[in-house]
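Chemist: could you look at this predicted model? Sequence included:
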Amino acid sequence: MAKFMMLGKYSQEAIKGISAERTKKAVSIIEKSGGKINSMYALLGNYDLALVVDLPGVPEAMKASIAFTDLTGISFTTSPAISVEEFDKITG
């Protein structure tokens, strides 16, 4: 499994649809893509949401990101991520 950071920015329309039910649907998108959500956070600043997810690979991450936007109207930026320990091994 690969780890991805998904950063979301609400549109005016997306704000109107905030609900626990929509969150459950978003979680199911990741699960249907063969992954799991490790954590989800609401933020202040340049982004409104941050999700740390495990997915099988880049194609599944792209599919999930598009499905999230389709479901919620939230614009997501999805990036691969590795632990600092793994990064240190790669660069050391």
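Modeler: Perfect, thanks for sending it.

Chemist: next, please give the residue ranges for the strands of the protein.
Modeler: Listed from the start of the chain, the chain has strands (DSSP state E) covering 2-9, 36-42, 49-55, 75-81.

Chemist: would you mind putting the ones you listed into a markdown table with mean pLDDT, mean neighbour count and distance to residue 87 alongside?
Modeler: From N, CA and C alone the C-beta is placed, and that goes for glycine too. Converted to a markdown table, these look like this (pLDDT from 0 to 100; neighbours: other CB atoms under 10 Å; distance: least, CB to CB, whole Å):
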| stretch | mean pLDDT | mean neighbour count | distance to residue 87 |
| --- | --- | --- | --- |
| strand 2-9 | 96 | 19 | 12 |
| strand 36-42 | 96 | 12 | 18 |
| strand 49-55 | 96 | 19 | 15 |
| strand 75-81 | 94 | 15 | 10 |
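
Chemist: make a markdown table out of those strands and add distance to residue 63.
Modeler: Compiled in a markdown table, these are given as follows (distance: least, CB to CB, whole Å):
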| stretch | distance to residue 63 |
| --- | --- |
| strand 2-9 | 12 |
| strand 36-42 | 15 |
| strand 49-55 | 9 |
| strand 75-81 | 10 |
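
Chemist: okay, now residue 62: neighbour count?
Modeler: Using other CB atoms under 10 Å, residue 62 has 14 neighbouring residues.

Chemist: wait, residue 56
Modeler: Residues within reach of residue 56, counting by other CB under 10 Å, total 12.

Chemist: what's the spacing between the nearest residue to it once chain neighbours are set aside and residue 16?
Modeler: If the residues on either side of it in the chain are set aside, residue 56 comes closest to residue 34, at 4.9 Å by CB to CB, 6 or more residues apart in numbering. Counting by CB to CB, to the nearest Å, the gap from residue 34 to residue 16 is 31 Å.

Chemist: counting neighbours, go ahead and name the busier of those two.
Modeler: Here residue 34 and residue 16 are compared on neighbour count by other CB under 10 Å; more neighbours surround residue 34, at 13 against 10.

Chemist: thought that one was touching residue 57?
Modeler: No - look at residue 34 against residue 57 with CB atoms under 8 Å: they stay out of range, at 9.1 Å.
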